[in-house]
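Visitor: I'll drop the sequence and a predicted model, then ask my questions.
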Amino acid sequence: MTKVTRFEDLKCWQLSRELVRHVYHACEEGKLAKDFETRDQIKSPALSVMNNIAEGFGRYSNKEFIRFLDFSQSSAIEVKSITYALEDMEYLSRDKIIQIREKAEETKNTTLAFIRYLKNKAKST
């Protein structure tokens, strides 16, 4: 793996940024645009995915970084879960929901892979 010097270089952070963009654009559409409480419910964990990666990157140990990465992947799962409520309430098109779900899943999987990498790296040192 290439040496990373900024959190912006991390693939999981880049994906989380895309997730935030998808969520925020979706919040401007249809019924969701008018439901402030539900909009906040999906925006908050989407931002947490991205911000926990950045915050963890700034910590002093890999153990702390991994803890924040775990928070991040959990928030991605929360975003995905909320999409089921949005689907059931018919707040967004099926295509938009699938787009958010897939991005949340990709972000979660990439973050978990990075956690495994960091744990394996720690074992080998």
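Guide: Here it is on my side, so go on.

Visitor: Okay, buried residues for the longest helix anywhere in the chain please.
Guide: For the chain, the helix reaching the highest residue count under DSSP state H is reported as helix 94-124. Neighbour-count burial for helix 94-124 flags 96-97, 99-101, 103-104, 106-108, 110-112, 114-115, 118 (criterion: 16 or more other CB atoms under 10 Å). (Each C-beta comes from the backbone N, C-alpha and C, glycine too.)

Visitor: same deal with stretch 32-40?
Guide: Neighbour count says stretch 32-40 has 32, 38, 39 buried, by 16+ other CB under 10 Å.

Visitor: Between those residues, which sits nearest residue 2?
Guide: Checking these against residue 2 with CB to CB, the nearest one is residue 39 at 37.2 Å.

Visitor: got the contact list for that closest one?
Guide: Taking CB atoms under 8 Å, 6 or more residues apart in numbering, we find residue 39 in contact with 27, 32, 33.

Visitor: How much space separates it from residue 33?
Guide: Using CB to CB, to the nearest Å, residue 39 is found at 7 Å from residue 33.

Visitor: what do the two both touch?
Guide: residue 27.

Visitor: low-confidence ranges in this structure?
Guide: By pLDDT under 70, the low-scoring segments of the chain are 1, 125.
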